[in-house]
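# I would like the atomic coordinates for the input below:
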Amino acid sequence: MDHLNVGNNAPIKLKVSVQTEALAVTSGFLYHSETDEMPYSRMEPFDPSLKTGWKSLDKGNEVGNKVFRVITFFTFFNSFPNEETFNLAVEQIKGSYVAEISGGNPSPFPISFTTEAFFTTQTCMVESGLKLL
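Okay, here's the model as predicted:
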């Protein structure tokens, strides 16, 4: 998992953007440690294709020594005729998805992500994780 030095800086902010024809919903979660199963704080869900501005983590409180996870879930409106066409739509998401954190060192800091796509349900999920030091 990547890490970013945020120290006692506040607020730390997230920005996510993506170009897609799918319905996208993003939410961020803060954990006290990597092994926690339940977050202690979460961001209100938002659509990163429409609302790409900066959003504060934990209502602007200090978030040093925490683990931050971002999940974006995509649901496609139209059915795809085959898996190859579906994979092209997923590649568009991978190519345009950007998640960044501001307030740390360096800032803004790009967050790496993984993608899982499911042709049978025609959905896709993008997940990121970052240790805030």
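# for the rest of this, base every contact and every neighbour count on C-alpha atoms.
Noted.
# please tell me how far the closest residue to Leu30 other than its chain neighbours sits from Pro48.
Leaving aside its chain neighbours, Leu30 sits nearest to Phe68 (4.6 Å; criterion: Cα to Cα, 6 or more residues apart in numbering). For Phe68, the distance to Pro48 under the criterion Cα to Cα, to the nearest Å works out to 17 Å.
# tell me the contacts of Ile93?
Shown here is Ile93, whose contacts under the criterion Cα atoms under 8 Å, 6 or more residues apart in numbering are 18-20.
# hang on, I meant Ile71
Residues in contact with Ile71, defined by Cα under 8 Å, 6+ apart, are 26-28, 125-128.
# in a markdown table: these, plus neighbour count and pLDDT.
Formatted as a markdown table, the contacts of Ile71 follow (neighbours: other Cα atoms under 10 Å; pLDDT from 0 to 100):
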| residue | neighbour count | pLDDT |
| --- | --- | --- |
| Thr26 | 21 | 96 |
| Ser27 | 17 | 96 |
| Gly28 | 23 | 95 |
| Met125 | 19 | 97 |
| Val126 | 18 | 97 |
| Glu127 | 17 | 97 |
| Ser128 | 18 | 95 |
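# tell me the most packed of the contacts of Ile93, by neighbour count.
Within the contacts of Ile93, neighbour counts (other Cα atoms under 10 Å) peak at Val18, which reaches 21 neighbours.
# quick one: that residue from Leu133, how far?
Computed as Cα to Cα, the Val18 to Leu133 distance reads 27 Å.
# how many neighbours does Ser41 have?
By the measure other Cα under 10 Å, the count of residues near Ser41 is 15.
# try Arg42
A total of 17 residues lie near Arg42 under the criterion other Cα under 10 Å.
# ditto for Asn82
Considering only other Cα under 10 Å, Asn82 is surrounded by 9 other residues.
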